[in-house]
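**Q** Fold the following, please.
(one chain, ligands or ions: 1)
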Amino acid sequence: MMQGGKGDRDSFTSKFGVLAALAGSAIGLGNIWRFPYVVGQNGGGAFLLIYVIFIAAIGVPVMMSEFMIGRSARLNPVGAFKKNAPGTKWHLVGMLGVVSVFIIFAFYTVVAGWTLEYVVQSVRWILFPAKFGFESMNNDALTLFFSDHYDSFTQGIWRPIIWFVVMMCLTGYIVISGVKNGIEKYTKILMPIFLVLLLILVSRSISLEGGREGLVFLFKPDFTQIREAPFRIVLEALGQAFFSLSIGMGTLITYGSYIKRKENLAGTAVSVVAADTFVAILAGIAIFPAVFAFGIDPADGPDLVYKTLPVIFQNMAGGLIWAFLFFVLLCFAAITSTISMLEVIVAYFSEQLNMSRKKATILSMISAGFLGIICTVSPDVFGIFNASPDLMLPLGGFFIVVFIGWFFSGEKSKQELSSDGAFKIRYYRLFMFLVKFVAPLAIAFLFALGVYSKVINIFPSLG
Ligand code: TRP
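**A** I've put the predicted structure just below:
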């Protein structure tokens, strides 16, 4: 997969390879780090309910549309629109995607770097507890290790930059050397282990005294908080849904272009969406009981998981070992996402601008590297980049569904959905109804209101 430069385009080797790569892209920091804190900030159960509705009614159709655009053209997002709609301005949607990828890739890789810090620190604490004033590695040591580490680390300059650069290089290395040999192989083993570990955390967390309240918070819809800022919150639910599914900026157009013609697109999309949502909800079930059991503020923000995970580990025998394992696997989950972003830029540079794969990768790394370093030194820039998916991804998703709903011929749609007649198309009418009407209207409406409410937040006099 993906090794070929110009001409000899590669594709995913097996059905499992497709699912592994797509689930690898979708499942990542968006599920473990972003989802719990966004849910926590926006009122819990009611937000989750809206989120799940968006996932099903908008997420699945957008994902299928991206696959259809990518696989029919077998090209990067810009090339795919050019090929499907020659002589029109549609390729600008692909361009918007490529630009969004730069921004999201940059800040995402910064956060991915944090996991490395935790991996390395937990090893140091396990191996050399004496250095930190402890006779042996125990849970008091764990408390000290985690307390304030997040703040002192993220407020530092050099360590976040170093880990960011390491993460960027790892991603670049994998993308240059081709994803098939490495990632497909490791994803197969590591993703299931990650799931098991997550389940262990869940079982520890829900048995904490006072943890039940966390489950109530997560699953019992209470709309009070949403009523206070409905437009902003609902747009954030949409943005989080897009972010978690990796849709709205052409990542899945690119991956879709590597899917073989015999693969079933609808089935693939539904499996990926189900797996991604399952993992996000599991992360919620791991985090919120502990949040409530230990009196942490659910609306704490981006450091929520970094504050909450330690207290779960502390309550487990051999806590630091669990912490180490968890961060290693989280780091891996993050890399399978960063490569899917870098792959978009690389596919664009190499196919549209005729660069070699290696040159394209290095150029993308350097340019995204600058953005990422600005992110690590400026919390404001980080905040803006981290908020950008809420606007950019729905915008991209809007054009993608409009394209499939209104500009892609019915005949081609049927060809893609049935994989040239190999599969019976189920729910064709429902799909068309969703991409023609429901998804575009809902996105446009939420986008307009969300932007309006953000603007009047900044300039209250306009309200
Ligand atoms: N979905 C990934 C996560 O949840 C992040 C990601 C990968 C992404 N590719 C993307 C987000 C494309 C938006 C667009 O961690």
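**Q** average pLDDT for stretch 328-336?
**A** The average pLDDT for stretch 328-336 rounds to 91.
**Q** roughly how far is that stretch from the heart of the chain?
**A** 12 Å (CA atoms, centre = their mean, to the nearest Å).
**Q** Now that stretch - C-alpha only, CSV.
**A** The C-alpha coordinates for stretch 328-336 follow below in CSV (Å, rounded to 0.1, in the frame of the first residue of the first chain):
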residue,chain,number,x,y,z
VAL,A,328,3.0,3.2,24.7
LEU,A,329,-0.2,2.0,23.1
LEU,A,330,-1.7,5.5,23.0
CYS,A,331,1.4,6.7,21.3
PHE,A,332,1.0,3.9,18.7
ALA,A,333,-2.7,4.8,18.2
ALA,A,334,-1.6,8.4,17.7
ILE,A,335,1.0,7.4,15.1
THR,A,336,-1.5,5.5,13.0
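**Q** For it, give me every contacting residue.
**A** If you take CB atoms under 8 Å, 6 or more residues apart in numbering as the criterion, stretch 328-336 is touched by 21, 24-25, 27-29, 31-32, 108, 111-112, 115-116, 119, 167, 170-171, 174, 183, 186-187, 190-191, 193-194, 197. Bear in mind the C-beta positions are built from the backbone N, C-alpha and C, glycine included.
**Q** and whatever residue of the stretch 51-200 of the chain ends up closest to the ligand, what helix or strand is that in?
**A** Nearest residue of the stretch 51-200 of the chain to the ligand, counting by CB to the nearest ligand atom: residue 104, 5.4 Å away. If you go by DSSP states H and E, residue 104 is part of helix 91-127.
**Q** now that helix, how far from the chain's geometric center?
**A** For helix 91-127, the distance to the chain centre is 10 Å (CA atoms, centre = their mean).
**Q** list the contacts for the closest residue to the ligand within the stretch 1-150 of the chain?
**A** When scored by CB to the nearest ligand atom, the stretch 1-150 of the chain has residue 30 as its residue closest to the ligand, at 2.1 Å. Residues counted as contacts of residue 30 (CB under 8 Å, 6+ apart) are 240, 243, 244, 246, 280, 337.
**Q** Would you tell me which residues of the stretch 101-250 of the chain are close to the ligand?
**A** 104, 243, 244, 246, 249 (CB under 6 Å from any ligand atom).
**Q** Need the nearest residue in space to the third one, chain neighbours excluded.
**A** By that I understand residue 244. residue 30 (4.2 Å; CB to CB, 6 or more residues apart in numbering).
**Q** Name the SS class of the one you found, please.
**A** Classification of residue 30 using DSSP: H, G, I helix; E, B strand; the rest coil returns helix.
**Q** just to revisit the earlier point, from the contacts of stretch 328-336, list the buried ones, please.
**A** Among these, the ones that count as buried by 16 or more other CB atoms under 10 Å are 21, 24-25, 27-29, 31-32, 108, 111-112, 115-116, 119, 167, 170-171, 174, 183, 186-187, 190-191, 194, 197.
**Q** Centre of this protein to the edge, which residue is at the far end?
**A** residue 135 (40.1 Å; CA atoms, centre = their mean).
**Q** Could you find the closest non-adjacent residue to that one?
**A** Leaving aside its sequence neighbours, residue 135 sits nearest to residue 129 (CB to CB, 6+ apart; 6.8 Å).
**Q** The one you found reaches residue 123, doesn't it?
**A** No: applying CB atoms under 8 Å, one finds residue 129 not in contact with residue 123, separated by 11.6 Å.
**Q** Would you mind telling me which of those two has more residues around it?
**A** Higher neighbour count among residue 129 and residue 123: residue 129, with 18 against 14, using other CB atoms under 10 Å.
**Q** Give me the pLDDT for that one.
**A** 75.
**Q** can you list the weak-confidence ranges in the stretch 101-250 of the chain?
**A** Applying pLDDT under 70 to the stretch 101-250 of the chain flags residues 136-148, 178-186.
**Q** what does the average pLDDT come to for stretch 455-463?
**A** 71.
**Q** neighbouring contacts of it?
**A** Residues from elsewhere that reach stretch 455-463, judged by CB under 8 Å, 6+ apart: residue 232.
**Q** from the chain's centre, how far out does it sit?
**A** The answer for stretch 455-463 is 30 Å, by CA atoms, centre = their mean.
**Q** Can you lay out the contacts of residue 30 as a markdown table showing neighbour count, distance to residue 45 and secondary structure?
**A** Putting the contacts of residue 30 into a markdown table (neighbours: other CB atoms under 10 Å; distance: CB to CB, whole Å; DSSP: H, G, I helix; E, B strand; the rest coil) gives the following:
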| residue | neighbour count | distance to residue 45 | secondary structure |
| --- | --- | --- | --- |
| 240 | 25 | 15 | helix |
| 243 | 28 | 20 | helix |
| 244 | 26 | 18 | helix |
| 246 | 29 | 25 | coil |
| 280 | 27 | 14 | helix |
| 337 | 26 | 27 | helix |
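**Q** Could you dump those residues into JSON lines with distance to residue 385 added?
**A** Output for these, formatted as JSON lines (distance: CB to CB, whole Å):
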{"residue": "240", "distance to residue 385": "15"}
{"residue": "243", "distance to residue 385": "12"}
{"residue": "244", "distance to residue 385": "17"}
{"residue": "246", "distance to residue 385": "17"}
{"residue": "280", "distance to residue 385": "21"}
{"residue": "337", "distance to residue 385": "15"}
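**Q** picking that back up, buried stuff in the helix holding residue 104?
**A** 91, 93-98, 100-119, 121-122, 125-126.
**Q** for the record, mean pLDDT for stretch 394-412?
**A** pLDDT averaged over stretch 394-412 gives 97.
**Q** Give the buried residues for that stretch.
**A** Going by neighbour count (16+ other CB under 10 Å), the buried part of stretch 394-412 is 394-405, 408.
**Q** of all those, which comes closest to residue 384?
**A** residue 395 (15.8 Å; CB to CB).
**Q** surely residue 426 meets residue 266?
**A** Yes: counting by CB under 8 Å, residue 426 touches residue 266, with 7.3 Å between them.
**Q** more crowded one of those two?
**A** Shown here are residue 426 and residue 266; by other CB under 10 Å, residue 266 has more neighbours (23 against 11).
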